[in-house]
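Trainee: this one's sequence-less:
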């Protein structure tokens, strides 16, 4: 009964709005801003109403309503004390990620079985992204959950405690495995490679927040994640015959700058290009991209303080080398043009903060080079050496990878010595919601489409267009820009967008998007025109095919 009442309420916006007025403290819509939540950025929620933002606010309200409707039931009268509950490991929790096996999650030091609530979760499938793992990062993103009422309700689903070993993240380390001491990551990630770790967040989460939460930022590692002691860390700057070493504290004495920038992997959307013709590389989806606020010293200031003469014609490139290395002690490295490094509006910084906190290990702790507008490969993590040079870095990843080739170039004919290194990236856009093969109610008149758009080089997005008729006509989307003022000289951050489009007739519906940047660059129609053997810089129109399902058919499928 409670489930049916809850579902009717959730289907009625007026009921939810009425509920929001009486319990608004549960789910206020939060604008972009830096909160006091230990320096973390609060998530952006589309500001249509207090409830119709991301689904997370509705979830909190629904959970509260669900409790109210069940107050008289025997379910809530069953009190289990912590001393009677078993202890579970994270591995045991991970085995309960489906309705058949039960849906378990962990939060802080406790384990919960939320199977009974999942069916009524108004946030839809998003709740399943945490199934079998921790919900902490999601609740950090949807901070509305973190109040006494919701926490007390969650406690009613508690079935045990998380093992002390998992809480302290201790465990046996295989010293023969260079990847044995990797950071912990979310179960929700789509993992494209385990060693080294490469993963991306689910598409439907990526546009819920203008600032990508650290825990949901895509991870692109080329080598094992190093462990670095900040007390002994030294950043080496080499200018000619002079070498300067800076401790982390000394680096922080330089004037800090905060830059909001989008970082995108060169292989983002590669799986789409592979459908045209097989390419070599990790099969990235559309979420090898993220936006963060980075704080650190300007590279220009550090180089000048180390004695670099900007007018020296022999200096043409700045090498950036990380601590991460393979078994031969060969480190990851890259280089950027001197013009970019020393430009007043290039905004290249040596960052030590990511979204207001120390950079997480997966993202370059303690120092990462942030090169706004350039491919992720030049944003070198675990930075420990900077060299002013007359040539590009000799790193494999600068000389023999991350270069662009024509569609007719093969591995046999590719000449890396003549190909240009990728620096700035072209304009791109993608649809994050709905996803490929999603089922849409055919009785609905419209569907809301959401996504992102971005262009390298600091070029702003001036328009995003959506088509539902194969590109014959296009409708302009509503855009959300970076609302927070910082030290950025140009438009380094992505644009989030959404558009409500009519549901078409028939069993299937194709939705497409394209973006235009401030230089009036636009995206190619098909990947065939830009196909390359490594699958880099895939920026053709993005297409999503959804299935239109009648309400009766959908209900029958659910009951089966």
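Mentor: Arrived safely, thanks for sending. All values derive from a computational prediction rather than experimental measurement. Numbers count the residues shown, from 1 in each chain.
Trainee: what about residue 276, neighbour count?
Mentor: When neighbours are counted by other C-beta atoms under 10 Å, residue 276 registers 17. Quick note: C-beta positions are derived from backbone N, CA and C, even for glycine.
Trainee: just give the closest residue to it, not the sequence neighbours.
Mentor: Using C-beta to C-beta, 6 or more residues apart in numbering and skipping the chain neighbours, the partner closest in space to residue 276 is residue 527 (4.5 Å).
Trainee: kindly report the same for residue 471.
Mentor: Leaving aside its chain neighbours, residue 471 sits nearest to residue 512 (6.2 Å; criterion: C-beta to C-beta, 6+ apart).
Trainee: quick one: low-confidence ranges for the stretch 151-300 of the chain?
Mentor: Low-confidence segments of the stretch 151-300 of the chain (pLDDT under 70): 169-176.
Trainee: show me what the helix or strand containing the residue nearest to residue 471 is packed against.
Mentor: Here residue 512, judged by DSSP states H and E, is contained in strand 508-517. Applying 3 or more C-beta pairs under 8 Å, 6 or more residues apart in numbering; DSSP states H and E, one finds that strand 508-517 makes contact with strand 428-433, strand 446-454, strand 461-467, strand 542-549.
Trainee: okay, buried residues for it please.
Mentor: For strand 508-517, the buried set under the neighbour-count rule, 16 or more other C-beta atoms under 10 Å, comprises 509, 511, 512, 513, 514, 515, 516, 517.
Trainee: contact partners of it?
Mentor: If you take C-beta atoms under 8 Å, 6 or more residues apart in numbering as the criterion, strand 508-517 is touched by 427-431, 434, 440, 447, 449, 451, 453-455, 459-468, 470-471, 474, 477, 495, 501, 503, 522-523, 541-548.
Trainee: hang on, the earlier thing: so how far is residue 429 from the residue nearest to residue 471?
Mentor: Distance from residue 512 to residue 429, counting by C-beta to C-beta, to the nearest Å: 10 Å.
Trainee: mind listing the shared neighbours of the two?
Mentor: residue 542.
Trainee: what's the spacing between stretch 438-454 and its chain's center?
Mentor: In terms of C-alpha atoms, centre = their mean, to the nearest Å, the centre of stretch 438-454 is set 21 Å apart from its chain centre.
Trainee: and stretch 421-431, by the same measure?
Mentor: 16 Å.
Trainee: could you pull up the mean pLDDT of it?
Mentor: When pLDDT is averaged along stretch 421-431, the result is 98.
Trainee: same question, stretch 497-511
Mentor: 95.
Trainee: same check on stretch 317-325?
Mentor: 97.
Trainee: residue 339 - how many residues pack around it?
Mentor: Using other C-beta under 10 Å: residue 339 sits among 11 other residues.
Trainee: check the closest residue to it other than its chain neighbours and give its pLDDT.
Mentor: Of all residues not flanking residue 339 in the chain, residue 346 sits nearest, at 7.7 Å (C-beta to C-beta, 6+ apart). With respect to pLDDT, residue 346 has a value of 98.
Trainee: returning to what we had before: and the residue nearest to residue 471, how close does it get to residue 522?
Mentor: Counting by C-beta to C-beta, the gap from residue 512 to residue 522 is 13 Å.
Trainee: most centrally placed residue in the protein?
Mentor: The centre of the chain sits closest to residue 217, judged by C-alpha atoms, centre = their mean, with a distance of 3.3 Å.
Trainee: tell me where the model's unsure across the stretch 451-560 of the chain.
Mentor: 551-560.
Trainee: how about 50 then?
Mentor: For the stretch 451-560 of the chain, applying pLDDT under 50 flags no range at all.
Trainee: what of the stretch 1-150 of the chain?
Mentor: For the stretch 1-150 of the chain, the stretches with pLDDT under 50 are 1-81, 124.
Trainee: run the last query once more with 80
Mentor: 1-84, 118-127, 137-147, 149-150 (pLDDT under 80).
Trainee: hmm, back to that, wait, the residue nearest to residue 339 sits on residue 340?
Mentor: Yes. If you go by C-beta atoms under 8 Å, residue 346 and residue 340 touch, sitting 4.8 Å apart.
Trainee: before we move on, back to that, how about the residue nearest to residue 276, what does it touch?
Mentor: By C-beta under 8 Å, 6+ apart, the contact set of residue 527 is 272, 273, 275, 276, 538, 540.
Trainee: could you rerun that using 7 Å?
Mentor: 272, 273, 276, 538, 540 (C-beta atoms under 7 Å, 6 or more residues apart in numbering).
Trainee: ok, residue 273 next?
Mentor: By C-beta under 7 Å, 6+ apart, the neighbours of residue 273 are 279, 527, 531, 535, 538.
Trainee: and the residues you listed, which is closest to residue 351?
Mentor: residue 538 (27.1 Å; C-beta to C-beta).
Trainee: is it true that the closest one touches residue 272?
Mentor: Yes. Using C-beta atoms under 7 Å, residue 538 is in contact with residue 272, at 5.8 Å.
Trainee: which of those two has more neighbours?
Mentor: residue 538 (28 against 20).
Trainee: three-state assignment of the more buried one?
Mentor: Secondary structure, DSSP: H, G, I helix; E, B strand; the rest coil: residue 538 is coil.
Trainee: so that it lines up with my notes, have the first residue be 57 from now on.
Mentor: Sure, I'll start numbering at 57, so the last one becomes residue 594.
Trainee: leaving out chain neighbours, which residue sits closest to it?
Mentor: Distances taken as C-beta to C-beta, 6+ apart place residue 325 nearest to residue 594, at 4.0 Å, with adjacent residues excluded.
Trainee: the one you found contacts residue 342, doesn't it?
Mentor: Yes. Residue 325 is within contact range of residue 342, at 5.2 Å (criterion: C-beta under 7 Å).
Trainee: any shared contact partners between those two?
Mentor: Contacts common to residue 325 and residue 342, judged by C-beta under 7 Å, 6+ apart, are residue 486.
Trainee: and for residue 155, the neighbour number?
Mentor: 12.
Trainee: that one: what's it in contact with?
Mentor: residue 171.
Trainee: also the one 3 residues further on?
Mentor: If you count contacts by C-beta under 7 Å, 6+ apart, residue 158 has them with 152, 169, 171.
Trainee: who wins for neighbours among the residues you listed?
Mentor: residue 152 leads the contacts of residue 158 on contacts (other C-beta under 10 Å) with 21 neighbours.
Trainee: excluding its backbone neighbours, what's nearest residue 302?
Mentor: residue 291 (4.6 Å).
Trainee: so what does the helix or strand containing that neighbour touch, helix or strand wise?
Mentor: Assessed by DSSP H and E, residue 291 sits inside strand 290-295. The helices and strands touching strand 290-295, judged by 3 or more C-beta pairs under 7 Å, 6 or more residues apart in numbering; DSSP states H and E, are strand 298-303, helix 355-361, strand 439-445.
Trainee: buried set for the first one?
Mentor: Of the residues in strand 298-303, those scored as buried under the neighbour-count criterion (16+ other C-beta under 10 Å) are 300, 302.
Trainee: now swap in the second one and tell me
Mentor: For helix 355-361, the buried set under the neighbour-count rule, 16+ other C-beta under 10 Å, comprises 355, 356, 358, 359.
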